[in-house]
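> With the input below, show me the fold.
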Amino acid sequence: MELKNWLELKSGTDVRGTALEGIAGEHVNLTDEAVEGIVKAFCFRLATAIHKDKLTIAVGHDSRLSAKRISDCVLRAICESGCDAIFTGLSSTPSMFMLLQEPDFGADASIMITASHLPYNKNGLKFFLPSGGLEGSDITQILQLAAEGKSLHGSGVKKDISYLGRYSENLVRLVRERTGKERPLSGKKIVVDAGNGAGGFYAERVLVPLGADTSGSQFLDPDGSFPNHIPNPENKDAMRSVCDRVKATGADFGIIFDTDVDRAGAVGSDGEEINRNRLIALISAILLEEEPGSVIVTDSVTSDGLAKFITAHGGIHCRYKRGYKNVIDKAKELCEAGKNAPLAIETSGHAALKENYFLDDGAYLVTRLLIKLAELSEQGKDISSLIEDLPEPKEAAEIRLGFTGEGKKDFKKYGSDAIQDITARIPAIEGLSLAPDNFEGVRINFDKSHGDGWVLVRMSLHEPILPVNIESDSIGGCKTIAQNLASLLQPFGALVGLQKLYDFIAK
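You can find the predicted model right below:
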């Protein structure tokens, strides 16, 4: 493989690629050769960095159909590098980091085989050290080493040790310590929707020991074909499915995980989703009650209503760049500067708490919510009462604009040019103004006569896409804002595909 082919497997701070045939035009590039080369390069780099002759690497996977093939490749590469392998089998991504915090587990690093919520034919590798996940620059270096064929040589051994049981016990212990009760969820009906990903363990291993009735939970069995819905809290069909389940079973609370359980969403007893801004508001309210005056770091697409909510609850809102690693790094930066930032969270459901190593862990997030649910239940209150004062927009929309054939030739430049052009023109346009607290793309505020809301236009982190997020406090406002945006983008119509914007306006 040439270097460019290796580098094509980089996806932010992970390795991702096509692992199965079956979708037209998508051929397998996460081959046995690629997986083994990358893992050998990782072992080589780590051994060199920590000056250790023999490493022990833990390996786990989610429910994807390609998990066995890739697990076999990863384990073989580790052992052929003279390192020992601990195979944890079906695992969540957060658990593969947490096992590195257990000294008796004996692992120097871990590899999680997952592609999160991507389609069934995809898979990937995520790497952890005891200090945290790798940076994008680390992945680039590993891929460069793989292209050079760098590796250690020797013969290691593999042993099977599941960790999910201990991980679950730690969550159960946390709830019992915080509530002072052995079964604080007794009398509560809580349904879990794992989407046939790796999160089914949460119902039996966490909720049942705490006394919850989990009957009515759905799609707990691992199945990498994802036959019921995409395991993704951001997916409308997935959220509708768990909301309907809460209503049908009369549950007090609903939980939905993504494939590898680093993200989560929730549902209130009324069957309404607690997701995106509502989820951020809920965990923020809990943390600000415990640590008043703290900074809550979110991604760029959070609403103005959420900012007002955080301020009203005694917090400081820092709206930062999209990307879970970006918000986590910003929160760490603030903490190092002497400001308390207990939460870094994306609207996608990636939530990292300072108290939990700033690890984005959907199961930990939900567990913190359940501690508060148990406390409020004793007062005769519902957990949704914590966000009753969240100002919510009348309308919200997301439109993903692609690029034309010509625009795709250099989409990063053309997208950046469009954003810079809009930014420069806004101050001269009546009724429009630039948001002062924006760190990516362009965020424009519209007064009441021009749409009564805001729009954010930014470049996608990984794709040739310009995502557009719109919110309005007036009915029909999103269309008005979209019309204004279409006019602003018109000079770039030969490069940026505007049809989806026009379609939205015409609805």
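> So what does the residue nearest the centre of the chain have for phi and psi?
Among the residues of the chain, the one closest to the centroid is residue 350, at 3.6 Å (Cα atoms, centre = their mean). Per-residue torsions, residue 350: phi -70, psi 120 (degrees, to the nearest 10).
> any idea where the helices of the stretch 301-450 of the chain begin and end?
Using DSSP state H, counting those that start in this stretch, the helices of the stretch 301-450 of the chain run over residues 304-312, 324-336, 362-378, 411-425.
> what's the closest of those to residue 53?
helix 324-336 (31.4 Å; Cβ to Cβ). (Glycine included, C-beta is placed from N, CA and C.)
> I'd like to know which elements the closest one is packed against.
strand 295-298, strand 343-345, strand 351-353 (3 or more Cβ pairs under 8 Å, 6 or more residues apart in numbering; DSSP states H and E).
> Mind listing what's buried along it?
324, 325, 326, 327, 328, 329, 330, 331, 332, 334, 335 (16 or more other Cβ atoms under 10 Å).
> So what does the residue nearest to residue 275 when sequence neighbours are not counted look like in phi/psi?
Excluding its sequence neighbours, the residue lying closest to residue 275 (Cβ to Cβ, 6 or more residues apart in numbering) is residue 265, at 4.4 Å. For residue 265, the backbone dihedrals are phi -140, psi 170 (criterion: degrees, to the nearest 10).
> Quick check: bridge partners of residue 265?
Per DSSP bridges, the residues bridged to residue 265 are residue 256.
> Tally up the residues packed near it, please.
29 (other Cβ atoms under 10 Å).
> quick one, what contacts it?
233, 234, 239, 242, 255, 256, 273, 274, 275, 279, 349 (Cβ atoms under 8 Å, 6 or more residues apart in numbering).
> Residue 417 too?
Counted by Cβ under 8 Å, 6+ apart, residue 417 has contacts residue 492.
> next one: residue 58
Applying Cβ under 8 Å, 6+ apart, the residues contacting residue 58 are 85-88, 96, 99-100, 105, 107, 109-111, 163.
> Now it: which helix or strand?
strand 56-61 (DSSP states H and E).
> So what are the sheet partners of that strand and their directions?
When DSSP bridges is applied, strand 56-61 pairs with strand 84-90 (parallel), strand 109-113 (parallel).
> Any chance you could list what contacts the longest helix along the chain?
With secondary structure taken from DSSP state H, the chain has its longest helix at helix 32-50. Residues outside helix 32-50 that contact it (Cβ under 8 Å, 6+ apart): 1, 6, 9, 15, 17, 52-53, 55, 57, 69-70, 73-74, 76-78, 80-81, 83, 108-109, 111, 125, 127, 129, 141-143, 145-147, 149-152.
> Any buried residues in it, and which?
34-47.
> can you check stretch 203-221 too?
Buried, per 16+ other Cβ under 10 Å, within stretch 203-221: 203, 205-214, 216-220.
> which one of these is nearest residue 486?
Using Cβ to Cβ, the buried residues of stretch 203-221 come closest to residue 486 at residue 219, 39.9 Å.
> Quick check: that closest one touching residue 191?
No. The criterion here is Cβ atoms under 8 Å, and residue 219 misses it with residue 191 at 10.5 Å.
> Residue 170 sits in which helix or strand?
helix 164-179.
> coming back round to it: winner for burial among the helices and strands packed on helix 324-336?
strand 343-345 (a mean of 28; mean count of other Cβ atoms under 10 Å).
> For that one, which strands pair with it and how are they oriented?
strand 295-298 (parallel), strand 351-353 (antiparallel).
> re the thing from before, going along the chain from the strand holding residue 58, find the next helix or strand for me.
helix 67-80.
> So which of the contacts of residue 265 belong to helices?
Per DSSP H, these map to helices at 239, 242, 279.
> picking up where we left off before, please compute how far the strand holding residue 58 lies from its chain's middle.
21 Å (Cα atoms, centre = their mean, to the nearest Å).
> Can you dump the C-alpha atoms of that strand in PDB for me?
Taking Å, rounded to 0.1, in the frame of the first residue of the first chain, the C-alpha atoms of strand 56-61 are listed here in PDB:
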ATOM      1  CA  THR A  56       0.300  -5.900  27.000                       C
ATOM      2  CA  ILE A  57      -2.500  -4.600  24.800                       C
ATOM      3  CA  ALA A  58      -6.200  -5.100  25.600                       C
ATOM      4  CA  VAL A  59      -8.500  -5.600  22.600                       C
ATOM      5  CA  GLY A  60     -12.300  -5.300  22.500                       C
ATOM      6  CA  HIS A  61     -15.000  -4.800  19.800                       C
END
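> List only buried entries from the contacts of helix 32-50.
1, 6, 9, 15, 17, 55, 57, 69-70, 73-74, 76-78, 80-81, 83, 108-109, 111, 125, 127, 129, 142-143, 145-147, 150-152.
> doesn't residue 96 make contact with residue 88?
Yes. Between residue 88 and residue 96 there is a contact under Cβ under 8 Å: 7.2 Å.
> so what sits against both of these two?
Residues touching both residue 88 and residue 96 by Cβ under 8 Å, 6+ apart: 58, 60, 163.
> Okay, domains of this structure per the record?
According to automatic domain parsing, the chain comprises the domains 3-162, 167-387, 395-506.
> Any chance of a markdown table for the ones you listed, columns mean pLDDT?
Output for those, formatted as a markdown table (pLDDT from 0 to 100):
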| stretch | mean pLDDT |
| --- | --- |
| domain 3-162 | 96 |
| domain 167-387 | 97 |
| domain 395-506 | 95 |
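> Show the contacting residues for the nearest residue to residue 78 once chain neighbours are set aside.
Once flanking residues are discounted, residue 78 sits nearest to residue 85: 4.3 Å by Cβ to Cβ, 6+ apart. Listed by Cβ under 8 Å, 6+ apart, the contact partners of residue 85 are 56, 57, 58, 59, 74, 75, 78, 79, 156, 157, 158, 159.
> Let's see that with 10 Å instead.
Residues counted as contacts of residue 85 (Cβ atoms under 10 Å, 6 or more residues apart in numbering) are 39, 55-59, 71, 74-79, 107, 111, 156-160.
> now residue 303
Counting by Cβ under 10 Å, 6+ apart, residue 303 has contacts 276-278, 280-281, 309, 319, 347, 390-393, 396, 453-454, 469, 471.
> and the gap between it and residue 188?
Between residue 303 and residue 188 the computed distance is 30 Å (Cβ to Cβ, to the nearest Å).
> still on that earlier bit, make JSON lines out of the buried residues of helix 32-50 and add distance to residue 135.
Formatted as JSON lines, those follow (distance: Cβ to Cβ, whole Å):
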{"residue": "34", "distance to residue 135": "21"}
{"residue": "35", "distance to residue 135": "21"}
{"residue": "36", "distance to residue 135": "23"}
{"residue": "37", "distance to residue 135": "20"}
{"residue": "38", "distance to residue 135": "16"}
{"residue": "39", "distance to residue 135": "18"}
{"residue": "40", "distance to residue 135": "20"}
{"residue": "41", "distance to residue 135": "16"}
{"residue": "42", "distance to residue 135": "14"}
{"residue": "43", "distance to residue 135": "18"}
{"residue": "44", "distance to residue 135": "18"}
{"residue": "45", "distance to residue 135": "13"}
{"residue": "46", "distance to residue 135": "14"}
{"residue": "47", "distance to residue 135": "19"}
